[in-house]
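Undergrad: need a 3D model of the following:
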Amino acid sequence: MAPKETFVIVGASLAGAKAAETLRQEGFSGHVLLIGEEPVRPYERPPLSKGYLRGEDGADKAFVHDESFYDKASIELRTSCRVDSLDLKRIA
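TA: Below is the predicted model:
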């Protein structure tokens, strides 16, 4: 049996979260790893800076996906993880 492919997405931002979501929606069944330096799951910066900071919205409204999304979609989310370089020869 051939090993499944892995997609590594560096940057657990709105774009990273949506890229991981799209991989699953398009039928990719391999390993999806989403890595972000921040200690929380991906969130949308404009709603956070506007509604949350003005006290109009709760913090949960700023997150791209609810807390259970990543487990349900089999997306490995690593927070508080900084990527400084990639060793392409090692992972190829």
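Undergrad: only C-alpha atoms for contact and neighbour calcs from this point on.
TA: Will do.
Undergrad: C-terminal to the lengthiest helix in the chain, what's the next element?
TA: Scanning the chain for the helix with the most residues, using DSSP state H, yields helix 14-25. Once the chain leaves helix 14-25, the next helix or strand it forms, by DSSP states H and E, is strand 31-35.
Undergrad: thinking again about what came up before, which residues touch the longest helix of the chain?
TA: I9, V10, V32, L34, P42, Y43, E44, V64, A73, I75 (C-alpha atoms under 8 Å, 6 or more residues apart in numbering).
Undergrad: and the gap between the first one and E38?
TA: Look at I9 and E38: by C-alpha to C-alpha, to the nearest Å, they are 14 Å apart.
Undergrad: more crowded one of the two?
TA: With neighbours defined as other C-alpha atoms under 10 Å, I9 and E38 compare such that I9 has more, 18 against 15.
Undergrad: doesn't E76 make contact with the more buried one?
TA: No: look at I9 against E76 with C-alpha atoms under 8 Å: they stay out of range, at 10.2 Å.
Undergrad: no further questions, thank you.
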